[in-house]
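J.: give me coordinates for this.
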Amino acid sequence: MSVRETGPSVKAGGEARLRRDTLSLGQTVASTLASIAPAMSFFFGFAVIVQGAGLAAPLTILVAMVAILFLTNTIAQFSRFTPSTGSFVTFTGKAFGPTAGAAISVFITFGYIVAASTVVSIAGAWVSETLKVFLGLSINWAILTILISGATGWLVMRGVGLSTLWSGFFFYFEAGLLILGSVIMLFSHAHFLTLAPFKFSNMTAGLAGLGAGFPLAVYFFIGWENSASLAEETENPRRNIPRALIAGTLAIGIFYILLAYTTEVGFKMDAHALGASRLPFIDGLKSSAPGLVIVAYLAGVTSILGSLIGLVNSQARILFNSGREGLMPAFLGKIHPQHQTPHSAMWVFLVIAVGLILGFGLIGGVAPMDYFGFAGTLGTIPIILTYMLTNLALPVYVIRRHRSELEIVRHILLPLTGTAVMLFPLWGLIQPGQAWPFNMFPWIALGVLALSLIYGIVIARLSPGLAHRIGAYVADE
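T.: This is a model prediction of the structure:
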């Protein structure tokens, strides 16, 4: 069965192309896993999931992984038909037209930059804390944030192969340290090994408890989709991008469940104490092997560095593709003449993310740790809405363009189910009655959505040929 889609009549000039066949399947998976930042996400988020779900918190993560797999199927199917650096923008644009594509280019960029700023916010703060605790050095977090972000930008600009090598190194080093810490907790509290965390009867408040932690558990996985935007530089993208998406989602889900279980063992299956901890994995390791706490801190450092490299590499490419296809200003579509990297889009993406945290931190007085929670929540709303729209786009796209290859389960039932499942974390983020400033975030997201739609309508009318340019740069053509 052929799933190849021939590119439109608008030819993609070689000068606007990224360097092809640079990344292997393994490198693409590593970059995606690094951008998810499991240590950072788990350190700061697991206690909140436990507060809602109780001892059965690992089940919440398992359900979140299943939900993400519905989305994985959607992006994998799109990538088989038309692998594109534009990812969500290309997929929704080819299904619903140029207005939708242009609107999503603004909306998802907003979500990604705000979400990325959480990694920037925690980078300087965590490295500052680590230097202070273990070396007695006091360096202001803002200085470290600027230095780390500048180094990341330079590395990403130098080439996707080089930067992906480093992000993969940081991820595997991080994963090794976390596994070491997990093994130590398991052996130190071996008499607490039990299957209790996997019994639904131990879920606090039943389905309500599951729902309470579900939005954050979904947030743990954000970045799973970053493989799609590396399509143009990945070998055999129609085969390897779907594999990377599925392998990455399963790997990170299983890894999170392992971390969740071992942390509960480290807390002697005491859900109340675990939920009260600010950094449960670190506290669990302290009680098991106090002298090895540095392992967790180093895992946090490498998690942040790997994530920052991975997400700038992947997410800035969506901004870049929007620039070269005419959905956004053309300068964003420029490619470095020597390194063949989207340097303009990358620097814009990174500078705005850094500007947000420095503005709120230094001028607004918001602590980096608090900003992490605020920006993470706000950025996740447009990302989840884009997930849902892309799910709806798949059956429309296949019916319109590949009707002879339509499969009811893959192309209709799974994406529609994925859209329905995403209503749960979305409701958790926008439900009324939340404390300030969280009660303002749904309105901010709604305002950005309205502006994005207006932008899409205007751009589509001003650019009659936009429909033909969306998806003009098919990764392997």
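
J.: centroid-wise, who is the farthest residue in this structure?
T.: Distance from the C-alpha centroid of the chain, by C-alpha atoms, centre = their mean, peaks at His191 (36.4 Å).

J.: that one in helix, strand or coil?
T.: helix (DSSP: H, G, I helix; E, B strand; the rest coil).

J.: against Val50, how distant is it?
T.: 21 Å (C-beta to C-beta, to the nearest Å). The C-beta positions use only the backbone N, C-alpha and C, and glycine is treated the same way.

J.: any idea how far Pro98 is from Asn35?
T.: Heads up, residue 35 is Ser, not Asn. Applying C-beta to C-beta to Ser35 and Pro98 gives a distance of 29 Å.

J.: which one of the two is surrounded by more residues?
T.: Counted by other C-beta atoms under 10 Å, Ser35 and Pro98 do not tie: Ser35 has more neighbours, with 28 against 25.

J.: the residue nearest to the more buried one when sequence neighbours are not counted: how many residues sit nearby?
T.: Once flanking residues are discounted, Ser35 sits nearest to Gly310: 3.0 Å by C-beta to C-beta, 6 or more residues apart in numbering. Burial measure for Gly310: 31 neighbouring residues, criterion other C-beta under 10 Å.

J.: pretty sure Gly310 is touching Ala34, no?
T.: Yes. Gly310 lies in contact with Ala34 (C-beta atoms under 8 Å); the separation is 4.0 Å.

J.: so what sits against both of the two?
T.: 167, 171 (C-beta atoms under 8 Å, 6 or more residues apart in numbering).

J.: packing partners for the strand or helix carrying Ile61?
T.: Assigned by DSSP states H and E, Ile61 belongs to helix 57-81. Under the contact definition 3 or more C-beta pairs under 8 Å, 6 or more residues apart in numbering; DSSP states H and E, helix 57-81 sits against helix 38-53, helix 88-96, helix 207-221, helix 237-266, helix 368-401, helix 414-421.

J.: is Asn236 in contact with Asp476, as I believe?
T.: Yes. Using C-beta under 8 Å, Asn236 makes contact with Asp476 at a distance of 7.4 Å.

J.: between these two, point out the one with more neighbours.
T.: Neighbour comparison, Asn236 and Asp476: the larger count goes to Asp476, with 17 against 14 (by other C-beta under 10 Å).

J.: helix or strand: which one has Ser84?
T.: Per DSSP H and E, there is no helix or strand for Ser84.

J.: center of this structure - which residue?
T.: Centre-most residue of the chain, counting by C-alpha atoms, centre = their mean: Gly223, 2.0 Å.

J.: sorry, back to before: what comes up buried for the strand or helix carrying the residue nearest to Ser35?
T.: Take DSSP H and E as the rule and Gly310 turns out to sit in helix 293-324. Neighbour-count burial for helix 293-324, counted by 16 or more other C-beta atoms under 10 Å, picks out 293, 295-324.

J.: list the contacts of the helix-or-strand element of the chain with minimal mean pLDDT.
T.: When each helix and strand of the chain is scored by mean pLDDT, DSSP states H and E, helix 207-221 comes last, with a mean of 84. Helix 207-221 is contacted from outside by 36, 38, 41-42, 45, 48-54, 56-57, 59-61, 63-65, 67-68, 203, 205, 249, 252-253, 256, 376, 380, 384, 422, 424-426, 428-429, using C-beta under 8 Å, 6+ apart.

J.: likewise stretch 89-100?
T.: 75, 78, 82, 84, 86, 101-102, 104-105, 108, 318, 321-322, 327, 386, 389-390, 393-394, 396-397, 400-401, 453, 456-457, 459-460, 463, 466-467, 470-471.

J.: let's see it at 7 Å
T.: Residues from elsewhere that reach stretch 89-100, judged by C-beta atoms under 7 Å, 6 or more residues apart in numbering: 78, 82, 84, 101, 104-105, 108, 318, 321-322, 327, 389-390, 393, 396-397, 456-457, 460, 466-467, 470-471.

J.: got it, and stretch 427-446?
T.: By C-beta under 7 Å, 6+ apart, stretch 427-446 touches 211, 214-215, 374, 377-378, 380-382.

J.: do you know how far Thr262 is from Leu23?
T.: 32 Å.

J.: ok, back up a step: just the angle between the least confident helix or strand of the chain and helix 38-53, please?
T.: 170 degrees (axes from the mean of the first three to the mean of the last three C-alpha atoms, to 10 degrees).

J.: helix 207-221: which residues count as buried?
T.: Buried, per 16+ other C-beta under 10 Å, within helix 207-221: 209-221.

J.: now the angle from that helix to helix 368-401?
T.: Going by the same axes, to 10 degrees, helix 207-221 makes 90 degrees with helix 368-401.

J.: tell me the angle of helix 207-221 relative to helix 57-81?
T.: 50 degrees.

J.: need the buried residues of helix 207-221 in JSON lines with distance to Leu413, can you?
T.: Shown next, in JSON lines, are the buried residues of helix 207-221 (distance: C-beta to C-beta, whole Å):
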{"residue": "Gly209", "distance to Leu413": "28"}
{"residue": "Leu210", "distance to Leu413": "23"}
{"residue": "Gly211", "distance to Leu413": "23"}
{"residue": "Ala212", "distance to Leu413": "28"}
{"residue": "Gly213", "distance to Leu413": "27"}
{"residue": "Phe214", "distance to Leu413": "22"}
{"residue": "Pro215", "distance to Leu413": "24"}
{"residue": "Leu216", "distance to Leu413": "27"}
{"residue": "Ala217", "distance to Leu413": "23"}
{"residue": "Val218", "distance to Leu413": "21"}
{"residue": "Tyr219", "distance to Leu413": "26"}
{"residue": "Phe220", "distance to Leu413": "26"}
{"residue": "Phe221", "distance to Leu413": "22"}
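
J.: closest to Gly150 out of those residues?
T.: Closest approach to Gly150 among those (C-beta to C-beta): Tyr219, at 27.1 Å.

J.: which sections of the chain are below the confidence cut-off?
T.: 1-15 (pLDDT under 70).

J.: show me what counts as buried in the helix ranked longest in it.
T.: Scanning the chain for the helix with the most residues, using DSSP state H, yields helix 98-135. In terms of neighbour count (16+ other C-beta under 10 Å), helix 98-135 has its buried residues at 98-131.

J.: and the following helix or strand past that helix, what does it pack onto?
T.: Sequence order places helix 141-158 as the next helix or strand after helix 98-135, per DSSP H and E. If you count contacts as 3 or more C-beta pairs under 7 Å, 6 or more residues apart in numbering; DSSP states H and E, helix 141-158 packs onto helix 98-135, helix 160-188, helix 293-324, helix 343-358.

J.: and Thr152, which of these is closest to it?
T.: Using C-beta to C-beta, the nearest of the helices and strands packed on helix 141-158 to Thr152 is helix 293-324, at 4.9 Å.

J.: helices or strands up against that closest one?
T.: Against helix 293-324 (3+ C-beta pairs under 7 Å, 6+ apart) you get helix 25-36, helix 38-53, helix 88-96, helix 98-135, helix 141-158, helix 160-188, helix 280-288, helix 343-358.

J.: fine by me, thanks again.
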